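S.K.: got a sequence here, can you model it:
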Amino acid sequence: IGSLTIGSGYETATFNDVRSTCNTLRLALAFGTAAADIRRCLQGTEKRHISLVVENGRITSSAAEPDDDKGRCVTRALAGAQLGGLTCALEAGVRLPIDPGKGEVSEPSTGLTVGSLEATHSNGSRYRFPLIEGESPAASRINTFLQTIELRKLPGRHSETAFEDVWPDEGSHHGMTGIDYSFAFNQPGILSVEIAGDYYGAYPSSSLRTYYFDAHTGEVITLRNLFSLTGLATLDETITRARLQRLDDFLAGKRLPDGAQLRSDPDEAADQQALYQECRPRIEKGHPVSSDRLILSKHTLGLVREPCAPHVLLALDDLVFDDTRSYAELENLLSDYGRCLLIARRSDCRHSNTGISSGVYRGMIGGRYPITLVIESAVSTGKVAATYFYDKYATAIALGGTVTEDGSVQLIEKGPPPARFELRRQPDGRFR
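M.R.: Presented below is the predicted three-dimensional model:
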């Protein structure tokens, strides 16, 4: 169907020999997401010819000409930004029913439909965000979680637009400069949404976050409920050991299977040695795999660790810690809920909540003030990030805290004056 060129000047990508509009759209979005990293790879004005093969939304092979450090840096940046599973049928303003049983956006079986929250900033930037609609409680839970995390809002509780708390103030460039979404992966019992955002602060940046929800309850799906406690510990140990081996091989000067290798320039090689030697303890003990980005597909589970390098050193960060395992390999490590969802692929799966996890909680303070509490993350290190709202005022208030050994949760509001929440699980499963 021809070719496609996006960008301008030195930041231009031309896609030739295009045989699939959908795959090209995925690549174009990946290029946009990875633009800042590619800019650092090429250091301004250099060019590389990159050949990519995309199948089912994933980059399955890549090559750079010339095959040097900068070319390989570009291919890794694109691979890290690829948007697998994008539903190309989604267009702005179109409401489409969701059928997790079909693995796509199709005829309704869950009673959920998808609309969009849309707005255009006075500077011309466009914003688009998913709005799940339906009579079931799942729609309310999903919308509350997504809008709290991404937009700092409760659904429907805004003055002019849902983006008013995150986009730049008039006359300013700082804030969220754009946002869009796609459906990453849907199958029986699972609804997945990818949110791609652009931001400007001290420097421009972009992010891609993937959220997985139980399509029938609206509860957030995480590694902690897909795996048993012992299974998650085994997975963490296995993945960590493989990552340390990969890092040590790189530091020893070996060429890794994906082409990563210490830079040939002595100064850059020395900087990489210092970067990864400093990173090694963090991989070994700093962050469990439950804090990685989770990527589910029809047959595999992927985990992507955050980069070793801070922003100013990303141009030197050639190591990608992206680990993929088939569900067959992981079956003995999964919880009953995980096996039901991922292997049996059923839509009636239920998991037993043994502790606090990411999701939406509603309750009262002092029996008088209704509140909504959204737990963004609760990882096995015991750290918790959360936001709560007094329902009457709908103003986001940030919380941080810990999960104690007995499973209770302590959350501290960043005052003044600081408020303190202590939540303990009751026999009926609620927190008090």
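
S.K.: residue boundaries of the helices in this structure?
M.R.: Remark: helices assigned in the chain by DSSP state H are 21-42, 69-81, 137-151, 223-226, 229-251, 266-281, 327-330, 336-338.

S.K.: list the contacts of the closest residue to residue 340 other than its chain neighbours.
M.R.: Excluding the flanking residues, the one nearest residue 340 by Cβ to Cβ, 6 or more residues apart in numbering is residue 349, at 3.7 Å. (C-beta placed from N, C-alpha, C; glycine too.) For residue 349, the contact set (Cβ atoms under 8 Å, 6 or more residues apart in numbering) comprises 189, 214, 337, 340, 341.

S.K.: before we move on, back to that, got the helices of the chain as CSV, with distance to residue 371 columns?
M.R.: What follows is the helices of the chain, written out as CSV (distance: least, Cβ to Cβ, whole Å):
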stretch, distance to residue 371
helix 21-42, 35
helix 69-81, 37
helix 137-151, 12
helix 223-226, 24
helix 229-251, 30
helix 266-281, 39
helix 327-330, 37
helix 336-338, 28
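
S.K.: now those helices as a markdown table including mean pLDDT and distance to residue 417?
M.R.: Below are the helices of the chain laid out as a markdown table (pLDDT from 0 to 100; distance: least, Cβ to Cβ, whole Å):
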| stretch | mean pLDDT | distance to residue 417 |
| --- | --- | --- |
| helix 21-42 | 64 | 40 |
| helix 69-81 | 71 | 43 |
| helix 137-151 | 95 | 23 |
| helix 223-226 | 91 | 33 |
| helix 229-251 | 95 | 37 |
| helix 266-281 | 95 | 37 |
| helix 327-330 | 96 | 47 |
| helix 336-338 | 95 | 40 |
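
S.K.: please report the distance of residue 428 from residue 236.
M.R.: In this view, residue 428 and residue 236 are 31 Å apart by Cβ to Cβ, to the nearest Å.

S.K.: tell me which of the two has more neighbours.
M.R.: residue 236 (19 against 6; other Cβ atoms under 10 Å).

S.K.: in this structure the more buried one contacts residue 287, no?
M.R.: No: contact criterion Cβ atoms under 8 Å: residue 236 and residue 287 do not qualify, at 9.9 Å.

S.K.: what's the neighbour count on residue 166?
M.R.: 17.

S.K.: what of residue 426?
M.R.: Residues contacting residue 426 under the criterion other Cβ under 10 Å number 9.

S.K.: spatially nearest residue to residue 365, not counting backbone neighbours?
M.R.: In space, and not counting its chain neighbours, residue 365 is closest to residue 371: 5.7 Å by Cβ to Cβ, 6+ apart.

S.K.: ugh, wrong one, residue 161
M.R.: residue 119 (4.4 Å).

S.K.: and for residue 145?
M.R.: Closest to residue 145 by Cβ to Cβ, 6+ apart is residue 360, at 5.4 Å.

S.K.: tell me the confidence at that neighbour?
M.R.: With respect to pLDDT, residue 360 has a value of 94.

S.K.: likewise for residue 386?
M.R.: The model's pLDDT for residue 386 equals 92.

S.K.: scan the helices and strands of this protein for the one with the lowest mean pLDDT.
M.R.: In the chain, no helix or strand scores lower on mean pLDDT, DSSP states H and E than strand 104-105, which sits at a mean of 38.

S.K.: my read: residue 296 touches residue 185, true?
M.R.: Yes: in this structure, residue 296 is within contact of residue 185 by Cβ under 8 Å, at 5.3 Å.

S.K.: overlap in contacts of those two?
M.R.: 192, 212.

S.K.: what is the burial count for residue 432?
M.R.: Residue 432 has 10 neighbours, counted by other Cβ under 10 Å.

S.K.: what's the closest non-adjacent residue to it?
M.R.: Of all residues not flanking residue 432 in the chain, residue 426 sits nearest, at 5.3 Å (Cβ to Cβ, 6+ apart).

S.K.: from what I see, the one you found and residue 363 are in contact.
M.R.: No: counting by Cβ under 8 Å, residue 426 sits too far from residue 363 to count as a contact (11.6 Å).

S.K.: return the distance of residue 408 relative to residue 398.
M.R.: Distance from residue 408 to residue 398, by Cβ to Cβ: 20 Å.

S.K.: and if you look at residue 220?
M.R.: Residue 220 sits at a distance of 19 Å from residue 398 (criterion: Cβ to Cβ).

S.K.: so between these two, which is more surrounded?
M.R.: Counted by other Cβ under 10 Å, residue 220 and residue 398 do not tie: residue 220 has more neighbours, with 23 against 14.

S.K.: do you know the pLDDT at the more buried one?
M.R.: At residue 220, the predicted lDDT confidence score is 93.

S.K.: return the set of residues that bridge with it.
M.R.: When assigned by DSSP bridges, residue 220 has beta-bridge partners residue 213.

S.K.: isn't residue 337 right up against residue 351?
M.R.: Yes: the criterion here is Cβ under 8 Å, and residue 337 meets it with residue 351 at 3.4 Å.

S.K.: need the residues touching each of the two.
M.R.: Residues touching both residue 337 and residue 351 by Cβ under 8 Å, 6+ apart: residue 225.

S.K.: relative to residue 191, how far out is the residue nearest to residue 340?
M.R.: The value you get for residue 349 to residue 191, if Cβ to Cβ is used, is 13 Å.

S.K.: can you verify my assumption that residue 384 contacts residue 402?
M.R.: Yes: here residue 384 lies in contact with residue 402, judged by Cβ under 8 Å, at a distance of 6.3 Å.

S.K.: overlap in contacts of those two?
M.R.: By Cβ under 8 Å, 6+ apart, residue 384 and residue 402 have these common neighbours: residue 409.

S.K.: which of these two has more neighbours?
M.R.: Higher neighbour count among residue 384 and residue 402: residue 384, with 23 against 14, using other Cβ under 10 Å.

S.K.: so residue 369 bridges to which residues?
M.R.: Bridge pairing for residue 369 - DSSP bridges - gives residue 365.

S.K.: with the one 5 residues further on instead?
M.R.: In this structure, residue 374 has beta-bridge partners residue 360, residue 387, where bridges are defined by DSSP bridges.

S.K.: number of residues surrounding it?
M.R.: If you count neighbours by other Cβ under 10 Å, residue 374 ends up with 25.

S.K.: ok, it - contacts?
M.R.: Taking Cβ under 8 Å, 6+ apart, we find residue 374 in contact with 144, 145, 148, 149, 359, 360, 361, 386, 387, 388.
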